[in-house]
Structure formats: structure tokens, C-alpha cells
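>>> The following comprises the amino acid sequence and a computationally predicted model.
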2 protein chains.
Amino acid sequence: MRPQIVLFGDSITQQSFSSGGWGASLADTYARKADIMNRGYGGYNSRWALFLLHHLFPLGSATPPVATTIFFGANDAALLGGTNERQHVPVDEYKKNLNAIVQHLKESSSTMLIVLITPPPVDEEGRLEYARSLYGDQATKVPERTNETAGMYADKCVELAKELDLPSINLWSKMQETEGWRKKFLRDGLHLTAEGNAVVYQEVVRVFNEAWLSAPKMPYDFPHHSQIDPKDPGKAFQQLCLGV
Amino acid sequence: MRPQIVLFGDSITQQSFSSGGWGASLADTYARKADIMNRGYGGYNSRWALFLLHHLFPLGSATPPVATTIFFGANDAALLGGTNERQHVPVDEYKKNLNAIVQHLKESSSTMLIVLITPPPVDEEGRLEYARSLYGDQATKVPERTNETAGMYADKCVELAKELDLPSINLWSKMQETEGWRKKFLRDGLHLTAEGNAVVYQEVVRVFNEAWLSAPKMPYDFPHHSQIDPKDPGKAFQQLCLGV
């Protein structure tokens, strides 16, 4: 009944309902208008995401999402030879995988608003600090992600969006426009602070608004309480059922 | 696929995905395990809620929610003769309406975990301050809700829960156990601060845990990334499909 907006991605999506999270803020903005469905899978890269497609977005569904954000790449960009190399996906394959996700979503709904989000920038020193906080002297001294590499993945993501004429959010670039972005937006060099979450939220709302998915313009799913006549409450609901 | 937990109520439910909100915190806790569906309708009382039942909880649904919180009463308890009297519902009817909601939910699913939540306490002076902040000298000097009246509704809610052997959360009592509850938990004498939201969150999690809906004991909806063999990622997903 209420349209669904799906957030499909990795840990940055999975954690998006934590305090100040961008998913929770979207849910608040679209309250009584759309359901925000969290389909974030921590640690997943775009290759593993492909295994989820038919489960999360079954073809032939009578009620596919009206919009989906695709937000992978932070794990794909883990370096070969680094501590997280098992998550690495070559950048060309990353682009191909994103394209496969988009094509599947288009097949499941020809009207779905699809938004591609690039990985955020990486604070390399922040990553090493975080590793030290977990493993002390045993922590790696070699970065397992670099900002430059994340940028290559961001470029491919934006490139694909342009080729497919889809809206995209270049989070990698956007965040680096702000002085002090490393500590301001990233809490462990990669995952988002509340302020980093606010950037994602604002960008997603901007893109949704520029498309046709503007919350202020969407109707409530049932009458506003002020429209209910206390002496004849059924009337407001009857009109709704008639689509008046 | 992923079980749904529905939060059914008034504005205190509708606003539960704002910053620090109890709904968002639940969504974070149950990430990858259950979807938290916000079915909060600001300004609604238990009488108007009845009009939503068949829309929100259609009988015969193949996938009814696994749990629902019912959280009405704050508007029912608006005083006759006060500025919000249009929302008033007599306390005996409130109990009857709650019972009608419960019976409908039971009819839609015999296994659904149903949790009744009482209205929160009311800070009468806080309500008047809030009215002054909106209307200045034109603001009413007469309370439109009293804490004592809210307590009568809370009593009926708990009474019904006991009669039906359902878990309940007496928010009205619970909040008043804490010194300074008026300003600590309520931001306008009625709606919740982040700390007030935290109380609701903790109580709902406690009740869910005491029943069978404990997030730590629930499985992830797809393999944890550490269980995926990067050389043969399909394996983890095949096993999942076989239910192994």
C-alpha cells in the first residue's frame, strides 16, 4: 500500500539506522508516505551482492520498490595484499557488477528510481588508528584501503551512472569539499559519523526531490487527523477508499 | 522474507524515527533480522485507529507481522472541554477499542507477539509552556491533558493486557520512577525527548527478549560476510537456499 524505498548496500547502509543515521533520517522524512527498507549487508562487495538480487528484488513482484539506492564499493576497494583483500573486487568488475544490479532492478520495474552512490573517501591514518585500537602492536602498519583507490571506484560508479543516465551521488568528492572531512565525517577512517550520515541523507533527499520522489509532495497514506470529523470519523476514510 | 515488526500508534510512534527515536533504535537492533514498520498516525486516537485495521493488517495475509506494538491513549486522554477535545475518547471505550485492535491482530495471526504500551505521563506545566510558545498570550491557561487522566488510561491498558495475558509496558508508571521525568523524558509535556525515546526502546527490547523475539538469537537473513569463501562465494548462498 505504502510505496517502498530500498537502501541496498554494505555496512554503511546496514548501519544507517544507528543514531543520526541517514536511513533513519529518510524514514523520518518519509513517515506516513513511504517505507524505507534497510537492505545493507556489512562486509559485502558488489560481487557478493549479486547473489542477493533475486531474493531481494524478485522479478514479477506486484509491488517492486519505487526507488532503490545502490551503495557498494567501499569493500570492493580493499587492497590486494591488505588485511581485507578477501573483499577486493577489481574496479572493472565492480562497474560490471553495478551494471548487473541496475539491469536487474530495471527488469523488476521499468519505473523504479535508481540512484548510484559512490564509496566515501578513506582516511588512511584513521584506518590505521582504528586497527591499533583493536589489535595494539599487532595491528597492520600498511593501509588496507587508500583514498586514491576508493576514488577510482567512485569514478567508475559515476561513469556508469552517466552511461545509463541515472542519478548518482559522488560521496567521495562531495565529502572532500569540506575542510576536516577525515574526522568530521568518518569515525574509523571509513564508516560515517552522525555528520557524515547527514551528508548522505541530504544528498539522497536532494536527488529524490530532483526526481519525482519529493516527500512534501507525496500524500499521507491515510487522512491527516485534522481532516477527521469527530462526529463522523468514517467519512474521511470512506472518501479515501473511493479515491476522492 | 524478513519478518516484520509493526509499530502501531499515534504521533509518539510516527515520530519514532527522528534522531534518537525508539523506532530507529529498534531498526538498528534488528538490522538484517527483522523490518521495523512505522505505522504511527499523529493525532489519532484508538477510535480512529479502528478504521485502519483492515488496511494495515489484512486478514488472510500470507505474511502477517511477527510482532506488533499497540501504543495509543495519549490522544484519547485529551480532556473534554480542552483545546484538543475532538480527540477525546472515554476511557471505557478506549479499553474496548484496544481490545478490538488486539482481537483483529489475533485473527490475522495466531502467533503474533502483541505488546500493549500505555500513554506516557503528562507534564501539565510543560503543555502550557508549549502552548505559550506557539500562541503567546492567546494560549490556553487550562490544561488540555492532565497526568492524572493519562494515568487512568494507562491503568485500563494494563488491565486489558492482564485480562488477555499479553505483555504490556506501563510507560506512565515507568517514566515517573525517574527523578526529573518531566523535562528529562518529555519535550513539550507529552512527546518524547531522546532520553524518553530510550526508555521506550529499552522497555520494548526487554519485552521482546522476554518473549521469543530476541535479536541476538535471530539469524541474519543472508550469510555473514566472514562465512563467504572469496574463492567460491556461491557456496554460502547455495547452503542458505537448501536451509543447511
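Done, it's in.

>>> any low-confidence regions in chain A?
For chain A, the stretches flagged by pLDDT under 70 are A:239-244.

>>> Can I get stretch A:46-66 in CSV, CA atoms only?
Provided in CSV are the C-alpha atoms of stretch A:46-66 (Å, rounded to 0.1, in the frame of the first residue of the first chain):
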residue,chain,number,x,y,z
SER,A,46,29.4,-5.8,-5.4
ARG,A,47,30.3,-9.4,-6.4
TRP,A,48,28.6,-11.0,-3.4
ALA,A,49,25.6,-8.6,-3.7
LEU,A,50,24.7,-10.3,-7.0
PHE,A,51,23.7,-13.4,-5.1
LEU,A,52,21.1,-11.4,-3.3
LEU,A,53,19.4,-9.8,-6.3
HIS,A,54,16.7,-12.4,-7.0
HIS,A,55,15.9,-12.8,-3.3
LEU,A,56,15.6,-9.1,-2.5
PHE,A,57,14.1,-8.0,-5.9
PRO,A,58,12.1,-10.9,-7.2
LEU,A,59,11.2,-10.5,-10.9
GLY,A,60,7.4,-10.3,-11.3
SER,A,61,6.7,-8.8,-7.9
ALA,A,62,3.5,-6.9,-7.9
THR,A,63,4.9,-4.3,-5.6
PRO,A,64,8.6,-3.6,-6.5
PRO,A,65,10.2,-0.7,-4.7
VAL,A,66,9.6,2.8,-6.2
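
>>> got the buried residues for it?
Of the residues in stretch A:46-66, A:46-53, A:56-57, A:64-66 count as buried by neighbour count, 16 or more other CB atoms under 10 Å in any protein chain shown. From N, CA and C alone the C-beta is placed, and that goes for glycine too.

>>> Could you list which of the residues you listed also contact chain B?
Applying CB under 8 Å from any CB of the partner chain, the subset of the buried residues of stretch A:46-66 adjacent to chain B comprises A:47, A:48, A:51, A:52, A:56.

>>> Among those residues, which lie within helices?
With helices defined by DSSP state H, the entries of those inside them are A:47, A:48, A:56.

>>> wait, doesn't residue A:187 sit right on residue A:193?
Yes - between residue A:187 and residue A:193 there is a contact under CB atoms under 8 Å: 4.8 Å.

>>> if we can go back for a sec, show me which of the ones next to chain B among the buried residues of stretch A:46-66 is closest to chain B.
Set against chain B, the nearest of those by CB to the nearest CB is residue A:51 (4.3 Å).

>>> how close does that closest one sit to residue A:13?
Distance, residue A:51 to residue A:13, using CB to CB, to the nearest Å: 16 Å.

>>> quick one, phi psi at residue A:82?
Main-chain dihedrals, residue A:82, degrees, to the nearest 10: phi -90, psi 180.

>>> Same check on the one 5 residues further on?
Residue A:87 has phi and psi values of phi -90, psi -10 when expressed as degrees, to the nearest 10.

>>> How about residue A:4?
phi -110, psi 140.

>>> Report the spatially nearest residue to it, omitting neighbours in sequence.
residue A:65 (4.5 Å; CB to CB, 6 or more residues apart in numbering or on different chains).

>>> I'd like to know how far the one you found sits from chain B.
13 Å (CB to the nearest CB, to the nearest Å).
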